[in-house]
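*Asks:* how would this look folded up:
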Amino acid sequence: MSFESVDPGEGHSIAAWTAVTIMLLAITIGTVAFFLVIPWLVWASAGLLVVGLLVGWILSKVGYGVADSSHQGH
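*Replies:* Okay, the predicted model is just below:
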């Protein structure tokens, strides 16, 4: 008797990796801009952070999230 695991995937998806990559880039740019006192770039990086969040959400709705198991090689 075998049991199928209902593992949520721990975020191993194209949507998650893309969102995290964009948001890490935004945080890095924002931190450097804050250190160098470039206010417009700090705010632009905050906007990029929101873009990363939206891109991850959109990609998950399109089918690249953890609910779509085609990217896991099953």
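*Asks:* all helices of this protein, in order?
*Replies:* 14-35, 39-59 (DSSP state H).
*Asks:* same list (the ones you listed) but as a markdown table, adding mean neighbour count, mean pLDDT and distance to residue 65.
*Replies:* (C-beta placed from N, C-alpha, C; glycine too.) Shown next, in a markdown table, are the helices of the chain (neighbours: other C-beta atoms under 10 Å; pLDDT from 0 to 100; distance: least, C-beta to C-beta, whole Å):
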| stretch | mean neighbour count | mean pLDDT | distance to residue 65 |
| --- | --- | --- | --- |
| helix 14-35 | 16 | 96 | 5 |
| helix 39-59 | 15 | 97 | 7 |
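*Asks:* got a list of what the residue sitting nearest the centre point of the chain touches?
*Replies:* Nearest to the geometric centre of the chain sits residue 19, at 1.6 Å (C-alpha atoms, centre = their mean). Counting by C-beta atoms under 8 Å, 6 or more residues apart in numbering, residue 19 touches 52, 53, 55, 56, 57, 59.
*Asks:* quick one: closest of the helices of the chain to residue 66.
*Replies:* For residue 66, the closest of those is helix 14-35, at 7.2 Å, according to C-beta to C-beta.
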